[in-house]
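Undergrad: got a predicted structure plus its sequence, pasted below:
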Amino acid sequence: MTDHFDLCVIGGGPAGEKGAAQAAYFGKSVCLIERAPKPGGAAVNTGTIPSKTLRETALYFSGLRQRGLYGVEYRVKPDITIGDFMFRERLVVDSAWQQIEHNLERHGITRIQGQARFTGPDVVEVERYKESPRRISAEIFLLATGSQPAHPPEIPFDGRVVVDSDDILSLPAIPERLIVIGGGVIGCEYAGIFAALGVRVTVVNARERLLMQLDADLSDALRQEMTRRLGVQVVLDAMVSGVKVEGRFASVTLNDGRELTADCVLYCAGREGHTRDLGLQAAGVEVNPRGFVHVNEHYRTARTHIFAAGDVIGFPALASTAMEQARVAMCHAFDLKYKTNVSNVLPYGVWTIPEIATVGLGEDAARARGMSVETGKASFRDNPRGQIIGETEGFVKLVFRTDDHRLVGASVLGEGACELIHVPAAVIQLGGTLDYFIQCVFNYPTLSDAFKYAAYDGLQRLTKRVSKAMEPRSRSSSGEHASAPAPDRA
């Protein structure tokens, strides 16, 4: 017997949940297949939610937010256990499970637990331990199986001494020394979390900067703050030539001959699509060598009735974009006149310590596209709210076109960066200029007020640039930017 639905979703993470709900909202019959006992995918179970919760726990235990504010020094208590560290994470994850299950139930979505595998382009079989396979057919399929940590064969993963970003949440104890291989989002986030708890952390990155996709100012500032504030040792432009486990310790050999030793090594230098067991060949769906599914601009695969969204299609691999991709995919699948595309203005947040976020184009990226741009910057050191909370090393940076002052990018480093970034994101989305920040009234004292002074700074930089360019010419020549306002803190 085969059960038939309008839509069959494979994977219960952010993309799967929201794609299923979008179709069900418009009256489609939907089933969602998830092999894990609980929904949420990596975002809830091993990635986004747990890591961000652990970050807050680390900041609380270490007193890092309060340190130096009131003449009191905080230290992590010496008898802290991994149970102390994970308690809040379990509560938050449990709440997330309940919310997802309520959302699926509210939309009338049929949940099926088990491993789905295509037996043809229109049918999947769902296998569950000690149960007969269940056949599901559908008009439309949505692949939302996410991604998993890459496991190069030369890395001796054992889940105890050498771990990936899934295993690290199950460590029996907090290590004294941690080597993080990989200077991307996951590596930098976990480096900060464990360093805040007093772990001696070394980050080894094959590239010349951490988080190479970010504005250079932001990347460099993050490295400096991780080193200064948390004591993290950062080794850049270094390839790992070998990892060896010896008892309770591991050694990491670099290409220049240096050898690093720790009681835990976190390898997080890449991910791959979670597609190996889906039987996609039988469905006629193509994947690249890293297991990511090929889709077009509507998230449709080579099979016109099979769509894919979220981490399983690769970059940008964010929970926020995964949800929107799935919603848009289902609108195209069922010809729903609701959403036609995912916004090209994507805020990008990284919950490192300190927090960083960016949107639009960085300074170098804008110039690489041939744009004439200028920047404006404001430090939290000069911001009353920054002084109050002790966030004096943070900053905001705006990137704007010189001809019409249109905002094309922004970056934030410091407390609340991943929230603050939505202010410039909205300005970019609406085609706004620096004038928004100049004219806007921000609450006082707030970190958001720094955007106004970054705009002032950008206009001053532009005025000086124009004036310098005009120096050889007659002083009587007209200059349209000469009246740019100067910041006034009175």
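TA: Happy to help now that I have it. Residues are numbered from 1 along each chain as shown.

Undergrad: contacts and neighbour counts: CA atoms only from here.
TA: Will do.

Undergrad: shaky segments in the stretch 51-200 of the chain?
TA: 63-83, 85 (pLDDT under 70).

Undergrad: can you give me the helices for this protein?
TA: Assignment of helices within the chain using DSSP state H yields the ranges 14-25, 41-45, 48-62, 82-106, 185-196, 216-230, 280-283, 319-333, 363-368, 384-389, 417-420, 422-429, 435-439, 450-470.

Undergrad: please tabulate those helices in a markdown table, including the columns distance to Gly270 and mean neighbour count.
TA: Shown next, in a markdown table, are these (distance: least, CA to CA, whole Å; neighbours: other CA atoms under 10 Å):
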| stretch | distance to Gly270 | mean neighbour count |
| --- | --- | --- |
| helix 14-25 | 20 | 26 |
| helix 41-45 | 15 | 22 |
| helix 48-62 | 16 | 20 |
| helix 82-106 | 24 | 15 |
| helix 185-196 | 10 | 24 |
| helix 216-230 | 19 | 18 |
| helix 280-283 | 22 | 16 |
| helix 319-333 | 17 | 24 |
| helix 363-368 | 23 | 16 |
| helix 384-389 | 35 | 17 |
| helix 417-420 | 23 | 20 |
| helix 422-429 | 28 | 18 |
| helix 435-439 | 38 | 15 |
| helix 450-470 | 34 | 20 |
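
Undergrad: in JSON lines, list the ones you listed along with distance to Asp256.
TA: Formatted as JSON lines, these follow (distance: least, CA to CA, whole Å):
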{"stretch": "helix 14-25", "distance to Asp256": "42"}
{"stretch": "helix 41-45", "distance to Asp256": "35"}
{"stretch": "helix 48-62", "distance to Asp256": "32"}
{"stretch": "helix 82-106", "distance to Asp256": "35"}
{"stretch": "helix 185-196", "distance to Asp256": "22"}
{"stretch": "helix 216-230", "distance to Asp256": "22"}
{"stretch": "helix 280-283", "distance to Asp256": "42"}
{"stretch": "helix 319-333", "distance to Asp256": "37"}
{"stretch": "helix 363-368", "distance to Asp256": "30"}
{"stretch": "helix 384-389", "distance to Asp256": "42"}
{"stretch": "helix 417-420", "distance to Asp256": "36"}
{"stretch": "helix 422-429", "distance to Asp256": "42"}
{"stretch": "helix 435-439", "distance to Asp256": "49"}
{"stretch": "helix 450-470", "distance to Asp256": "42"}
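
Undergrad: of all these, which one is nearest Leu266?
TA: Of all the helices of the chain, it is helix 185-196 that lies closest to Leu266, at 7.9 Å by CA to CA.

Undergrad: pull the residues that contact the closest one.
TA: Outside helix 185-196, the residues that touch it by CA atoms under 8 Å, 6 or more residues apart in numbering are 51, 54-55, 58-59, 62, 64, 165, 180-182, 200-203, 210-211, 226, 230-232, 266, 268-269, 350-353.

Undergrad: and Leu236, how far from Gly159?
TA: Counting by CA to CA, to the nearest Å, the separation of Leu236 from Gly159 is 26 Å.

Undergrad: again with Val245
TA: From Val245 to Gly159 the distance is 12 Å (CA to CA).

Undergrad: got the contact list for stretch 197-210?
TA: Residues contacting stretch 197-210 (CA under 8 Å, 6+ apart): 58, 61-62, 76, 174-184, 187-188, 191, 194-195, 219-220, 223, 231-240.

Undergrad: which residues touch Gly432?
TA: Gly432 neighbours (CA under 8 Å, 6+ apart): Arg406, Leu407.

Undergrad: repeat that for 6 Å
TA: Shown in contact with Gly432 (CA atoms under 6 Å, 6 or more residues apart in numbering): Arg406.

Undergrad: over to Leu447?
TA: Neighbouring residues of Leu447 by CA under 6 Å, 6+ apart: Arg385.

Undergrad: check which residues of stretch 291-301 are buried.
TA: Gly291, Phe292, Val293, His294, Val295, His298, Tyr299, Arg300, Thr301 (16 or more other CA atoms under 10 Å).

Undergrad: quickly check the residues you listed for the two that are furthest apart.
TA: Gly291 and His298 (19.4 Å).

Undergrad: one step back: could the buried residues of stretch 291-301 go into CSV alongside distance to Ser379?
TA: Output for the buried residues of stretch 291-301, formatted as CSV (distance: CA to CA, whole Å):
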residue, distance to Ser379
Gly291, 43
Phe292, 40
Val293, 42
His294, 43
Val295, 42
His298, 41
Tyr299, 41
Arg300, 44
Thr301, 46
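
Undergrad: tell me the spacing between the nearest residue to Asn103 once chain neighbours are set aside and Val287.
TA: Spatial nearest neighbour of Asn103, chain neighbours left out: Ala21 (7.6 Å); criterion: CA to CA, 6 or more residues apart in numbering. Distance from Ala21 to Val287, counting by CA to CA: 26 Å.

Undergrad: next one: Cys440
TA: In terms of CA to CA, Cys440 sits 48 Å off from Val287.

Undergrad: give me the more crowded residue out of these two.
TA: Val287 (19 against 11; other CA atoms under 10 Å).

Undergrad: return the residues in contact with Val350.
TA: Ile356, Ala357 are the contacts of Val350 under CA under 6 Å, 6+ apart.

Undergrad: and the strands in the stretch 151-300 of the chain?
TA: 162-163, 177-181, 200-204, 233-235, 240-246, 249-254, 259-262, 264-267, 271-273 (DSSP state E, counting those that start in this stretch).

Undergrad: adjacent strands (with direction) for the longest one?
TA: The one in question is strand 240-246. Applying DSSP bridges to the sheet, strand 240-246 is found paired with strand 249-254 (antiparallel).

Undergrad: need the mean per-residue confidence for the partner strand.
TA: Summarised as a single mean, pLDDT over strand 249-254 is 96.

Undergrad: repeat that for stretch 386-404.
TA: Mean predicted confidence for stretch 386-404 is 94.

Undergrad: could I have it exported to PDB, CA atoms only?
TA: Extracted as PDB, the C-alpha positions of stretch 386-404 are listed here (Å, rounded to 0.1, in the frame of the first residue of the first chain):
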ATOM      1  CA  GLY A 386      28.900  51.200  25.000                       C
ATOM      2  CA  GLN A 387      30.500  52.800  28.000                       C
ATOM      3  CA  ILE A 388      27.700  51.700  30.300                       C
ATOM      4  CA  ILE A 389      27.900  48.000  29.300                       C
ATOM      5  CA  GLY A 390      31.700  48.000  28.900                       C
ATOM      6  CA  GLU A 391      31.600  47.200  25.200                       C
ATOM      7  CA  THR A 392      34.200  49.700  24.200                       C
ATOM      8  CA  GLU A 393      36.000  47.800  21.500                       C
ATOM      9  CA  GLY A 394      33.000  47.300  19.300                       C
ATOM     10  CA  PHE A 395      32.200  49.400  16.200                       C
ATOM     11  CA  VAL A 396      29.800  49.900  13.300                       C
ATOM     12  CA  LYS A 397      31.000  50.400   9.700                       C
ATOM     13  CA  LEU A 398      28.900  51.700   6.800                       C
ATOM     14  CA  VAL A 399      29.900  51.300   3.100                       C
ATOM     15  CA  PHE A 400      28.100  53.700   0.700                       C
ATOM     16  CA  ARG A 401      28.400  54.900  -2.900                       C
ATOM     17  CA  THR A 402      30.100  58.200  -3.400                       C
ATOM     18  CA  ASP A 403      27.800  59.600  -6.100                       C
ATOM     19  CA  ASP A 404      24.500  59.200  -4.400                       C
END
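
Undergrad: understood, closing this out.
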